[in-house]
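1. I need the structure of the sequence given here:
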Amino acid sequence: MKTDNLTFKSLNNNDIFKLINATRKGVDYEIFDNFSVIYPLNSTDWSRILNMSERTIQRHKREKKKFDSIHTEKLLMIMLLFKKGTEVFGSTTNFLAWINSKNIALGGDKPTDLLDNSFGINMVNNELVKIEHGILA
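-> You can find the predicted model right below:
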């Protein structure tokens, strides 16, 4: 499968082979850019989350460069997480309010503070699953 037809809307956690293929090939900056318009985080946050300097992110934009597999994997994980969060909270606005607020269940951290590694992404995802099933404690 080509990554060219990969979009945030078409992203599906159940299509694991498409995710593996996209990770191997890398995703275009345009996919990241479209995603970051819907789910705006500041450039400092994206730099920390992707473990890339802000200049490198800007160079990807300027050169229309693909992200390498490590950054693509993290970006896809975050995109899936944000998609799940929007479904759980019923709107982008509600999800963004939650993800940018301190959370007792996450050690008092904001969920965005935990997105810089896969353990934190999984922790936030697990919290979304609990919320989805009505387990709020």
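2. hey, let's count contacts and neighbours off CA atoms from now on
-> Will do.
3. count of neighbours near His71?
-> Neighbours of His71 under the rule other CA atoms under 10 Å: 18.
4. repeat for Asn12
-> Neighbour count of Asn12, defined by other CA under 10 Å: 16.
5. cool, and the one 5 residues further on?
-> A total of 11 residues lie near Phe17 under the criterion other CA under 10 Å.
6. Then the one 5 residues further on?
-> Applying other CA under 10 Å, we find 22 residues neighbouring Ala22.
7. so what does the helix or strand harbouring it touch, helix or strand wise?
-> Secondary structure from DSSP states H and E places Ala22 in helix 16-25. Using 3 or more CA pairs under 8 Å, 6 or more residues apart in numbering; DSSP states H and E as the contact test, the elements touching helix 16-25 are helix 69-89.
8. Give me the contact list for the very next helix or strand once past the helix it packs on.
-> Per DSSP H and E, helix 69-89 leads on to helix 92-99 as the next helix or strand towards the C-terminus. The contact list for helix 92-99 (CA atoms under 8 Å, 6 or more residues apart in numbering) reads 38-39, 82, 85-86, 88-89, 110-112.
9. which residue is nearest the centroid of this protein?
-> Ile78 (1.8 Å; CA atoms, centre = their mean).
10. who's in contact with that residue?
-> So Ile78 contacts 115, 121 (CA under 8 Å, 6+ apart).
11. From Tyr39, how far out is it?
-> 11 Å (CA to CA, to the nearest Å).
12. what's the answer for Ser69, then?
-> 22 Å.
13. likewise Val129?
-> Taken as CA to CA, the span from Val129 to Tyr39 is 20 Å.
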